[in-house]
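Asker: give me the fold of what follows.
(chains A and B)
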Amino acid sequence: MDARILADINAARQARKAVAVATDIASGKQILLNSDAQIADGLRQHVEQRLKSGKSGVVTLHDKETFIQVHVPSPRLVIIGAVHISQALVPMAQACDFDVLVIDPRTAFASAERFPSVELLAEWPQEVLDDRPLDAYTALVAVTHDPKVDDFALQSALQRQCFYIGALGSRKTHAKRLARFSEAGIDATAAQRIHAPIGLDIGGASPAEIAVSIIGEIIATLRKGPVV
Amino acid sequence: MEQHNDTLAVAQKWQLEGRDVALATVIETWGSAPRPVGSHLVIDGEGNFEGSVSGGCVEGAVVFEAVEAIETGQPKVLEFGVADETAWEVGLSCGGKIRVYVEPVTGGAHSA
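Answerer: Predicted structure coming up:
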């Protein structure tokens, strides 16, 4: 691999852009495929399909084997609420290679002392998400219990097709939430994509155990569920 | 990108440090292979490595081949599986089969 291709792949990944590399296995000839690369139509079709599915693999065209490796953005986790559960969830998500962002307008919660090793913004979600929109490679977790903070982010996650959306709160709390969303004109079927009560049912009691159930549910959705 | 197991970032870092670097990539799997297609192992000329292409079963052999690829400058394809005649040495105990593409990173300070 040419060192320039390696640098370009890493730059694309850093910028959260999808990129593919095609390698002719017999000759070792390699090209970086972005949207304006000159490639044969037959190959382009395979590349586009694989960029969508995120799956790398070997393609045989005209008796030539080409390995297409796709690099799609690494999954991101946006946590609304700098609470105790979030303190446990951040390192778990980082260990699983998520880029993590924590947002909470309450400065008493959103302090660097409580969250030393993660990007933390003591702002309202609506201020942050306007500049840094959610996307389909992002999981959103809302854990403040406060509709003033959670609701906008959850609605934005539905609109931006986040692959996972979870909200803390009992069934009763969630029923009230759905009623508010319905009044705000949010489609009821779409709102069903919100995982609430949040997390896999493993009987988690402590903040760390609940964090395990949340990261487990996020990974299950990422790997097994449809990434819409 | 600061991910602890970001193998491609490690490859670039090593290359920029002037080390000879090779990249091994899982290009095909059959059966219950431990690491998915696209998984990387990065190797330097001294045999240091980061990442994985299996659960630790064949890395030793891949590192050996990678160091050779750095010396020759030529990429190669390796196959590992229980049916392989090298199975006694470095077969996959899980019963799967994998194909690994090994290539030197070229164009760096130390490359020809």
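Asker: which residue is nearest the centroid of chain A?
Answerer: The centroid of chain A falls nearest to residue A:138 when counting by Cα atoms, centre = their mean (1.9 Å).
Asker: what about residue B:27, how many neighbours?
Answerer: 24 (other Cβ atoms under 10 Å in any protein chain shown). In this view, the C-beta of every residue, glycine as well, is placed from N, C-alpha and C.
Asker: mind listing what's buried in the helix of greatest length in chain A?
Answerer: Looking across chain A with DSSP state H, the single longest helix is helix A:207-223. Judged by neighbour count (16 or more other Cβ atoms under 10 Å in any protein chain shown), helix A:207-223 contains these buried residues: A:207, A:210-215, A:217-219, A:221-222.
Asker: now the strands: where do they sit in chain A?
Answerer: In chain A, the strands defined using DSSP state E lie at A:19-24, A:30-33, A:57-61, A:64-71, A:76-80, A:99-103, A:119-121, A:138-142, A:164-167, A:194-195.
Asker: correct me, but the residue nearest to the centre of chain A touches residue A:76?
Answerer: Yes. Counting by Cβ atoms under 8 Å, residue A:138 does reach residue A:76; the two are 4.4 Å apart.
Asker: for the nearest residue to residue A:5 once chain neighbours are set aside, what are its contacts?
Answerer: Of all residues not flanking residue A:5 in the chain, residue A:32 sits nearest, at 5.1 Å (Cβ to Cβ, 6 or more residues apart in numbering or on different chains). Taking Cβ atoms under 8 Å, 6 or more residues apart in numbering or on different chains, we find residue A:32 in contact with A:5, A:8-9, A:19-21.
Asker: switch the cut-off to 7 Å
Answerer: A:5, A:8, A:19, A:21 (Cβ atoms under 7 Å, 6 or more residues apart in numbering or on different chains).
Asker: same thing with residue B:49?
Answerer: With Cβ under 7 Å, 6+ apart, residue B:49 has these contacts: B:41-43, B:59, B:63.
Asker: please repeat the previous calculation with a cut-off of 8 Å.
Answerer: Residue B:49 touches B:41-43, B:59, B:63, B:66, counting by Cβ under 8 Å, 6+ apart.
Asker: quick one on the thing from earlier: any part of the longest helix of chain A near chain B?
Answerer: No. Remark: helix A:207-223 sits outside contact range of chain B, by Cβ under 8 Å from any Cβ of the partner chain, the gap being at least 10.3 Å.
Asker: what pLDDT is listed against the residue nearest to the centre of chain A?
Answerer: We have a pLDDT of 94 for residue A:138.
Asker: and for residue B:6?
Answerer: So, for residue B:6, pLDDT stands at 86.
Asker: what residues are up against it?
Answerer: With Cβ under 8 Å, 6+ apart, residue B:6 has these contacts: residue A:97.
Asker: if we use 10 Å, what do you get?
Answerer: Counting by Cβ atoms under 10 Å, 6 or more residues apart in numbering or on different chains, residue B:6 touches A:10, A:13, A:74, A:97, B:12-13, B:40, B:50-51.
Asker: let me know the closest of those residues to residue A:185.
Answerer: residue A:74 (33.4 Å; Cβ to Cβ).
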